[in-house]
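Student: Have a look; sequence and predicted model below, questions after that.
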Amino acid sequence: MPQLEIHDLKANYGTHTVLERINLDVEKGEIISLIGPSGSGKSTLLRVLMGLLPPISGGVRVDGRSLDYANPAQLREIRASMAIVFQQYNLFQNMSVLENVCVAPVKVQRRARKEVEELAVRLLTKVGMGNKLDAYPDQLSGGQQQRVAIARALALQPSIMLLDEVTAALDPELVNEVLDTVRMLAADGMTLFIVSHEMGFVREVSSKVVFMDGGHIVESGTPRELFDNPQHARTREFVGKILRH
Ligand SMILES: Nc1ncnc2c1ncn2[C@@H]1O[C@H](COP(=O)(O)OP(=O)(O)OP(=O)(O)O)[C@@H](O)[C@H]1O
């Protein structure tokens, strides 16, 4: 059974339909990259999956269970099983690195502080921030802050991580340290949804690349299928354009 099943999903902003007929099955440990032109609905799909924008119709199943985004108790569960990291790291400026990672598991998930702190130290060490536990966000580079943001998401112990252009706000020399962290998550078997404009990276890590345009999935396939042998004219045009850059 796929870990995540998206069935005929539709979403609107007001009366404007921004996602339609989205169908996608994701197996545990898969790395799914969403690519497509600006405004094609990539971020919106992540927002819908997280329950930040309720779908108009269609459904999402996690481990075979249908998610009811209108049910507040289920919404909490959804947010516990998936974690999202955005382009802007949005760390709490008045909290240390360690506290940033611990606050939601302790305050929202009501897990024991000692256990959470131990996990937080392990995660921060893993993302190369173990020597900055007591630092404050304004003492860190963008790449370091983003790695703390990834550790913070991992501390929620999600089974699926959604990464929305996590390197887009970084100076070029800091991009790789964050991509290395994502490579590590992939190697650990975490199921990942990635929206990224780093096409070399997308090609390297993805098990499946999904090309979106105008709120639809146009086609999906392995990186090789999608980049080297796209089936649709629209995909060929997009891939041709990005590869020329
Ligand atoms: N908060 C919002 N209110 C209304 N419309 C929105 C909102 N956010 C996005 N949209 C619209 O929804 C559509 C999909 O936007 P989305 O941000 O999902 O695209 P995207 O593929 O992630 O683009 P980009 O690569 O530029 O981030 C666009 O037409 C956009 O204008």
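Tutor: Arrived safely.

Student: Go through stretch 79-95 and flag the buried ones.
Tutor: For stretch 79-95, the neighbour count (16 or more other C-beta atoms under 10 Å) marks Arg79, Ala80, Ser81, Met82, Ala83, Ile84, Val85, Phe86, Gln87, Tyr89, Leu91 as buried. Using the backbone N, CA and C atoms, a C-beta is placed for each residue, glycine as well.

Student: what does stretch 106-114 give?
Tutor: Across stretch 106-114, burial judged by 16+ other C-beta under 10 Å covers Val106, Arg111.

Student: and that stretch, how far apart are its ends?
Tutor: Terminal residues of stretch 106-114 are spaced 9 Å apart (C-alpha to C-alpha, to the nearest Å).

Student: Return the distance of that stretch from the chain's centre.
Tutor: Averaged C-alpha coordinates place stretch 106-114 at 23 Å from its chain's average position (C-alpha atoms, centre = their mean, to the nearest Å).

Student: Averaged pLDDT, it. What do you get?
Tutor: Model confidence over stretch 106-114, given as mean pLDDT, is 94.

Student: Which residues does that stretch contact?
Tutor: Residues outside stretch 106-114 that contact it (C-beta atoms under 8 Å, 6 or more residues apart in numbering) are Ala80, Cys102, Pro105, Val116, Leu156.

Student: Stretch 20-33 now?
Tutor: Contacts to stretch 20-33, defined as C-beta under 8 Å, 6+ apart, come from residues 2-10, 45, 58, 159-160, 186, 189-196, 202, 205-210, 215-217, 220.

Student: again, only this time at 7 Å
Tutor: Residues from elsewhere that reach stretch 20-33 (C-beta atoms under 7 Å, 6 or more residues apart in numbering): 2-10, 45, 58, 186, 189, 191-194, 196, 202, 205-210, 215-217.

Student: Met82 and Met50 touch, don't they?
Tutor: Yes - the pair Met82 and Met50 qualifies as a contact (C-beta atoms under 7 Å) at a distance of 5.8 Å.

Student: shared neighbours of those two, anything?
Tutor: Shared contacts of Met82 and Met50 (C-beta under 7 Å, 6+ apart): Leu162.

Student: Pull out the buried positions in stretch 154-169.
Tutor: By neighbour count with 16+ other C-beta under 10 Å, stretch 154-169 contains the buried residues Leu154, Ala155, Leu156, Pro158, Ile160, Met161, Leu162, Leu163, Asp164, Glu165, Val166, Thr167.
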